[in-house]
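Chemist: what would the 3D arrangement of this be:
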Amino acid sequence: LRKRSREDKNNAQMSTANVAVWEWRDDYGWTQYDVKTASQLEAAYKTKSINVKLKHGFFAKTSTVYHVDMSRKGNFYQINVKTNYRRAVRRRVTFQGGRGRGRGQGQGRGGNFGFGGGSGRGIGRGGGIT
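Modeler: Next comes the predicted model:
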C-alpha cells in the first residue's frame, strides 16, 4: 500500500464537491441559467451583492435589461427593468461526485413562483440531479 499524496487528497475532494445551480422559473417550471450567467450570479451571491445586472448568454443578445434582486436571502427575483415583470430565481446546491449517496432534497414544483407543493426534483444516489 502506498501513502496518499496531497494531490490524491485534492482530487478526491474535487470529485465530491457541491455545486451551485442557478435557475429561473417560467410557466413550465425551472430552467437553468447558462454557465456564464450562473457564474455571475454565484459570484454576486458569495460577495453578498443585492442587485445584479445580467449580461451573459441570452442577456447579452437582447436590448432588454434584466436584473436579479438578491436583497432578500433565499427569495431572489429576475426583473425585466422595462416592464418590471418578475420571475422567481433559485440557487440549488447539488452533490457532484462518483460513488457517494445523494441527500434526496426535493424542490417543490407548482404554485406561483415555485412556492407550494408538487412533484419535486431532487438529488439522488450517486450524485447529480435526478
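Chemist: and the gap between residue 92 and residue 66?
Modeler: Distance from residue 92 to residue 66, counting by C-beta to C-beta, to the nearest Å: 20 Å. The C-beta positions use only the backbone N, C-alpha and C, and glycine is treated the same way.
Chemist: these two - which one has more neighbours?
Modeler: Between residue 92 and residue 66, residue 66 has the larger neighbour count (other C-beta atoms under 10 Å), namely 20 against 17.
Chemist: and the more buried one, what does it touch?
Modeler: 53-54, 59, 78-81 (C-beta atoms under 8 Å, 6 or more residues apart in numbering).
Chemist: likewise residue 84?
Modeler: Contacts for residue 84 (C-beta under 8 Å, 6+ apart) come out as none.
Chemist: and if you look at residue 80?
Modeler: Contacts of residue 80 were listed using C-beta under 8 Å, 6+ apart, and they are 64-66, 86.
Chemist: quick one, which of the residues you listed are buried?
Modeler: Taking 16 or more other C-beta atoms under 10 Å as the criterion, what is buried in the contacts of residue 80 is residue 66.
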